[in-house]
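1. Build me a model from this:
(chains A and B)
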Amino acid sequence: GEDVEQSLFLSVREGDSSVINCTYTDSSSTYLYWYKQEPGAGLQLLTYIFSNMDMKQDQRLTVLLNKKDKHLSLRIADTQTGDSAIYFCAESIRNQGGKLIFGQGTELSVKP
Amino acid sequence: AAGVIQSPRHLIKEKRETATLKCYPIPRHDTVYWYQQGPGQDPQFLISFYEKMQSDKGSIPDRFSAQQFSDYHSELNMSSLELGDSALYFCASIRSGGHEQYFGPGTRLTVT
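-> Modelled structure (predicted):
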């Protein structure tokens, strides 16, 4: 079945690395996404990874995918106060038209 | 770069009234998705359209209907509004064959 789980809160110090974790259950996931949502704002696409990849790096962002454990993580290097937001993990299921199934979101708080 | 446009950004309606939300996808994007995000919740898929035809349907109440027009913009029509319909409604668009689903800023609907 379709289920995406995330821890709800993460607090880090400015300059540290943040790691946000996500697990999914559907082995038919094709693409896995990370979106950022600031208060009252829309969903900003940060990055995505194809399900046959292990890792993707994009500037300060690193996505790791463990297909065996169905575990996805987003690492943010040198976390800044502007990174404070809710981060959603989402999956797109093969042959389901591209709709996204979201996790509950992880609220990242960056303290100066 | 052009983004997804949604209008209105804010809408206040009374119970049992109707509402129409509009979405203008990114140019050359032919697929549109609608999502509903309740307070403190993750976005939930409602309905999607590809080339003006409904392509998938999620947890959309029968009181809601939607369509995609020849210029690819989409409208979500909501009737007999209930207090529980108060939420952020997002539209997202994607080019067929692409993998990057971009979200609009959302319409915040408040039903009183």
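
2. Stretch A:43-57 near chain B anywhere?
-> Yes - Stretch A:43-57 is in contact with chain B by C-beta under 8 Å from any C-beta of the partner chain, via A:43-45, A:48, A:50. For glycine as for every other residue, the C-beta is placed from the backbone atoms N, C-alpha and C.

3. In terms of pLDDT, where does A:Glu2 sit?
-> What the model reports for A:Glu2 is a pLDDT of 61.

4. Look up how far chain B lies from the spatially closest residue to A:Thr81 that is not a sequence neighbour.
-> The shortest distance from A:Thr81 to any non-neighbouring residue, by C-beta to C-beta, 6 or more residues apart in numbering or on different chains, is to A:Val110 (5.0 Å). Distance of A:Val110 to chain B, computed by C-beta to the nearest C-beta, to the nearest Å: 20 Å.

5. Count the residues that sit near A:Val110.
-> Using other C-beta atoms under 10 Å in any protein chain shown, the number of residues around A:Val110 comes to 20.

6. what does B:Tyr50 give?
-> B:Tyr50 has 18 nearby residues by other C-beta under 10 Å.

7. cool, and B:Glu51?
-> Neighbours around B:Glu51, by other C-beta under 10 Å: 10.

8. Could you say which helix or strand holds the one residue sitting closest to the centre of chain B?
-> Centroid check for chain B by C-alpha atoms, centre = their mean gives B:Trp34 as the closest residue, at 3.6 Å. With elements taken from DSSP states H and E, the one containing B:Trp34 is strand B:31-37.

9. follow-up on the earlier one: for the residue nearest to A:Thr81, which residues make a bridge with it?
-> When bridges are called by DSSP bridges, A:Val110 pairs up with A:Val12.

10. if I look at it, how far off is A:Ser17?
-> A:Val110 sits 11 Å away from A:Ser17, taking C-beta to C-beta, to the nearest Å as the criterion.

11. ok, now B:Gln41?
-> For B:Gln41, the distance to A:Ser17 - C-beta to C-beta - is 28 Å.

12. and what of B:Asp56?
-> Taking C-beta to C-beta as the measure, B:Asp56 falls 37 Å from A:Ser17.

13. of the two, who's got more company?
-> Neighbours per residue (other C-beta under 10 Å) separate B:Asp56 from A:Ser17, with B:Asp56 holding more: 16 against 12.

14. So for the helix or strand A:Phe88 falls within, mean pLDDT?
-> A:Phe88 is part of strand A:85-93 when elements are defined by DSSP H and E. What strand A:85-93 shows for mean pLDDT is 93.

15. ok, the nearest residue to A:Gly42 once chain neighbours are set aside - how many residues close by?
-> Counting by C-beta to C-beta, 6+ apart, A:Gly42 lies nearest to B:Pro105, which is 4.3 Å off, once chain neighbours are set aside. Here the number of neighbours of B:Pro105 (other C-beta under 10 Å) works out to 18.
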